[in-house]
Structures are given as structure tokens and as C-alpha cells.
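Undergrad: Provide a 3D model corresponding to the input given below.
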Amino acid sequence: MTGFLIALLSGALMSVQGVFNTRVTKTTGMWVSNGWVQFSAFLLCAVAWLIAGRDSVGALWKVEPRYVLLGGVIGAGITWTVIKSMASLGPAKAALLIVISQLIVAYVIELLGLFGVDKEPLEIRKIIGMSIALIGVAIFQWK
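TA: Below is the predicted model of the structure:
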């Protein structure tokens, strides 16, 4: 149940963050806004590390495979795409499409066993669920 609640909180925070970042971008520009998002996240993580952790930063050099260290680069791309999509589609449509995209890509990663994830078998019920979600997008977009 905890994971479920955290996932709901994550989705809510992502939507609020997208709106905030889009507003900041209108005043500062894309890369200043994106840089601020990444820098302020870094500062928060540094403070949290000082208070709660102190895990070895040097352990980063032991991470294998190395490409997984690109999460921060992907994070900057996520910030950019969320800002652009919310600015052009509005928060609700953008969030809906973002979530559907996340679901489809995550399922493909599981099906193919990409990036070290355990490979899962194709399940028709999951395909039906994603199809229903896509129909929901169409209904949501319908005017």
C-alpha cells in the first residue's frame, strides 16, 4: 500500500512541478529554468545527504553499466519535455499523454528485459488495459 501511495504522490508532484516550471520558463527562458530545477534539486539532495546519509560519493565510479549514470541527463530532458508539452497542451492533456507514454515504455522495457530489468511475459490483460487507457486519451481529447 505504501508503494501505491508514493506513486500517487509522485504523479501529483510531477504535475505541480510541470506547472511551476512552465511558469518559471515564461520569465527566465528554457535553459535558465531547467538549470534552476536541476540545481535546486542538487542542493536539496546535498542537504539530505548531509543530514540523513553520507553514502560514498566515490561509489558512483563503481556503478556498472556506466550508461545508467545518465539519469541526470535524462532528468534535464524530462524537465524540458514536460515544460514544452504543458505550455502547448495544458497541464491535464500533457500529464495524460506523459503517463500513457510512461506506461507503454515501461511495459516494453519489461517485455524485452532492457537495462537489467527482469524479462516479463506478454500478457493480454495488460495490452487490453493500455488499449483502454489510449481510448481514454482519445475521449479526453474529444471535442
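
Undergrad: Could you check the pLDDT of the residue lying closest to residue 109 once chain neighbours are set aside?
TA: Excluding the flanking residues, the one nearest residue 109 by Cβ to Cβ, 6 or more residues apart in numbering is residue 117, at 5.5 Å. Where C-beta positions appear, they are placed from N, C-alpha and C, glycine not excepted. As predicted, residue 117 sits at a pLDDT of 94.

Undergrad: What's the local residue count around residue 117?
TA: 12 (other Cβ atoms under 10 Å).

Undergrad: Is the residue positioned nearest the centre of the chain within a helix or a strand, and which one?
TA: Relative to the mean C-alpha position of the chain, the nearest C-alpha, by Cα atoms, centre = their mean, is the one of residue 78, at 6.3 Å. Secondary structure assignment for residue 78, by DSSP states H and E: helix 71-89.

Undergrad: Run the angle between whichever helix or strand comes after that helix and helix 71-89 for me.
TA: Scanning forward in sequence from helix 71-89 by DSSP H and E, the next helix or strand is helix 91-112. Helix 91-112 runs at 140 degrees relative to helix 71-89, counting by axes from the mean of the first three to the mean of the last three Cα atoms, to 10 degrees.

Undergrad: Just the mean pLDDT for helix 91-112, thanks.
TA: On average, helix 91-112 scores 93.
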